[in-house]
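Chemist: With the input below, show me the fold.
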Amino acid sequence: FGLGNAVKYGGIFVPPYKAVIHQYMREMMAGCGNKKLDGTKIAVTVNKQEIPFGVVSLAARMQQAQAEAMYRMYLGGGSDMSIWSTKMGDDSDETYGENAVTTSVETVEKMCLEKEHASEYNVEISEDEQKALEEAAKNFIAANSDETIAELAVDEDMVKTFLELETYDVKMKDAIEAKADVKLDEKEYQQMSFSYASAKVSGDDLSDDDIKTNKENLQKFFDKVKEDPTADFNTLGDEISKDMTATTGTCPTYEEGDDSAANGTTYPDEVRTALRKLDEGALNEEIIKTDSVWYVVRLDSKNDETATESKKESLTNTKKDDFYNDTTDGWKKKAGIKEEKKLIKKIKITDNHSFTIQTPTPTPDPNVTETPAAEDSAAADSTAVTETPAASEAETEATETPAAEESETTVAAEDETAETDTEAETTATPEAEK
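Modeler: Down below sits the predicted model:
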């Protein structure tokens, strides 16, 4: 069709893929290569609160930075985190990048509702805190290049809005959880401690000789413990075989604790059932035999104080979190929320384009009022230090320093948000981590 019209009416026919290249070159040569995003457009409305696109964009980039920092810290990732364009599952059409944007929008909506209900919990932001937020927003804009600010589609007011919402989020979480009426039964959290030795008796990695040796070694171990029930399992295990697992563990003292304990099902039912029947210091009268592993167990304490207290605290925090989530979810169900889907889709988190986020770790200033929210920093940089009112915690490094500490993370952004491959530097904000 294109060729026919070129012949009929005159002109030069360019195949479609070449036309795209030519159009791109013309725009770039003319200085029109960047698609500038309008951060002032309203992306989300929560009841009467209108949230501009720039705030949502900043929230998404902060979540992206946090995820990449944790990826490198805990999973040993390199400079690239190439998962954003990956589907979340075989049955899902949503990519990890798309999910990150959706989650960021939901987080902003929740923070808006927290701000709306703040007076019900006597939560407010003081004048000093407002001044600190204003100063932090100002420093954020000053520390970043025009290209970075354009890519984020934010201005100083939007940064301040984001910081303010983050501050309400931290304060309101504490205030809501303080109202949680947490009641626990000791059967839910009491932990017993025990010593055990185990040996694998099946598996593709084991030969018949391996299985025979493992069984014989565990029997030797059992015979020796019967002679000395107070023996140290670890030491005795090393004496018999360096390959033997002989150590200590904890698990719920009562069945009621199994459902709420991460370690409730670490040990098989046969082991937990046997332990619950023993007196303290008693060795189980026989080797516990499951299909894959054999065990020798001794109950050391029905109530391990350290493990019990840790589990009680963990379970209390979980119930507080549940109460907090139930409260905010209830607000959301009743709220009038409008999302500008087409506008929000312009936030692209993919593997195609990357830029560096640099976050300063400022020296604490005793004259500056701290905001309650701590900084989620994906990186730290000593050359672009922006002092912020909140204590900074670098996600990419576990070591905290009183002065700016340098590290960095890479955040991906699709060409639809930024048509250039320019590497921009962004200073993270002090309120990004809860």
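Chemist: where exactly do the helices run in the stretch 151-300 of the chain?
Modeler: 156-178, 186-189, 208-227, 233-240, 269-276 (DSSP state H, counting those that start in this stretch).
Chemist: what helix or strand is residue 141 on?
Modeler: helix 127-143 (DSSP states H and E).
Chemist: Could you pull out the buried residues of that helix?
Modeler: Going by neighbour count (16 or more other C-beta atoms under 10 Å), the buried part of helix 127-143 is 129-130, 132-137, 139-141, 143. C-beta here means a position set from N, CA and C on the backbone, and glycine is covered the same way.
Chemist: same for it, what does it pack against?
Modeler: Where contact means 3 or more C-beta pairs under 8 Å, 6 or more residues apart in numbering; DSSP states H and E, helix 127-143 is packed against helix 156-178, strand 425-427.
Chemist: okay if I get those as JSON lines plus mean pLDDT and distance to residue 97?
Modeler: What follows is the helices and strands packed on helix 127-143, written out as JSON lines (pLDDT from 0 to 100; distance: least, C-beta to C-beta, whole Å):
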{"stretch": "helix 156-178", "mean pLDDT": "96", "distance to residue 97": "20"}
{"stretch": "strand 425-427", "mean pLDDT": "39", "distance to residue 97": "18"}
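Chemist: deepest of the ones you listed, which one?
Modeler: strand 425-427 (a mean of 23; mean count of other C-beta atoms under 10 Å).
Chemist: Spatially nearest residue to residue 195 (excluding sequence neighbours)?
Modeler: residue 233 (4.1 Å; C-beta to C-beta, 6 or more residues apart in numbering).
Chemist: Need the contact partners of stretch 199-212.
Modeler: Residues from elsewhere that reach stretch 199-212, judged by C-beta atoms under 8 Å, 6 or more residues apart in numbering: 214-215, 217-218, 244-245, 289, 291-294.
Chemist: And stretch 91-104, by the same measure?
Modeler: 56, 59-60, 62-64, 67, 83-88, 344, 347-351, 412, 414.
Chemist: how far out from the middle of the chain is that stretch?
Modeler: Relative to its chain's centre, stretch 91-104 lies at 15 Å (C-alpha atoms, centre = their mean, to the nearest Å).
Chemist: Now it: buried residues?
Modeler: 95-98, 100-101, 104.
Chemist: could you give the mean pLDDT of it?
Modeler: Here stretch 91-104 scores 92 as its mean pLDDT.
Chemist: what's the single longest helix in this structure?
Modeler: The longest helix of the chain (DSSP state H) is helix 305-334.
Chemist: one step back: buried ones among the contacts of stretch 91-104?
Modeler: Buried among the contacts of stretch 91-104 (16+ other C-beta under 10 Å): 56, 59-60, 62-64, 67, 83-85, 344, 347-351, 412, 414.
Chemist: Now, the residues you listed that are in helices?
Modeler: 56, 59-60, 62-64, 67, 344.
Chemist: Most widely separated two among those?
Modeler: Greatest spatial distance among these (C-beta to C-beta): 67 and 344, at 18.5 Å.
Chemist: For the residue nearest to residue 195, which residues are in contact?
Modeler: So residue 233 contacts 195-197, 225, 246-248, 298 (C-beta under 8 Å, 6+ apart).
Chemist: In CSV: those residues, plus neighbour count and distance to residue 125.
Modeler: Below are the contacts of residue 233 laid out as CSV (neighbours: other C-beta atoms under 10 Å; distance: C-beta to C-beta, whole Å):
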residue, neighbour count, distance to residue 125
195, 21, 53
196, 21, 53
197, 25, 57
225, 21, 62
246, 24, 56
247, 12, 50
248, 14, 49
298, 21, 56
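Chemist: Name the nearest of these relative to residue 48.
Modeler: Closest approach to residue 48 among the contacts of residue 233 (C-beta to C-beta): residue 248, at 57.7 Å.
Chemist: Mind checking the helices and strands packed on helix 127-143 for the one nearest to residue 327?
Modeler: Using C-beta to C-beta, those put helix 156-178 closest to residue 327, at 5.3 Å.
Chemist: And the strands in the stretch 1-150 of the chain?
Modeler: With DSSP state E, counting those that start in this stretch as the criterion, the stretch 1-150 of the chain has strands at 42-46, 49-52.
Chemist: how much distance is there from the helix holding residue 141 to the middle of the chain?
Modeler: With C-alpha atoms, centre = their mean as the basis, helix 127-143 stands 26 Å off its chain's centre.
Chemist: quick one: which of the contacts of residue 233 is nearest residue 271?
Modeler: For the contacts of residue 233, the closest approach to residue 271 (C-beta to C-beta) belongs to residue 196, at 7.3 Å.
Chemist: mind checking how far the closest residue to residue 231 other than its chain neighbours is from residue 218?
Modeler: Closest residue to residue 231 apart from its sequence neighbours, by C-beta to C-beta, 6+ apart: residue 225 at 5.5 Å. For residue 225, the distance to residue 218 (C-beta to C-beta, to the nearest Å) stands at 11 Å.
Chemist: and the longest helix of the chain, what does it pack onto?
Modeler: Contacts defined by 3+ C-beta pairs under 8 Å, 6+ apart place helix 305-334 against helix 96-116, helix 156-178, helix 186-189, strand 191-200.
Chemist: run the last query once more with 6 Å
Modeler: Where contact means 3 or more C-beta pairs under 6 Å, 6 or more residues apart in numbering; DSSP states H and E, helix 305-334 is packed against helix 156-178, helix 186-189, strand 191-200.
Chemist: Point out the other helices and strands that the helix or strand just after that helix packs with.
Modeler: Where DSSP H and E defines the elements, the next helix or strand beyond helix 305-334 is strand 337-339. With contacts taken as 3+ C-beta pairs under 6 Å, 6+ apart, strand 337-339 sits against strand 42-46.
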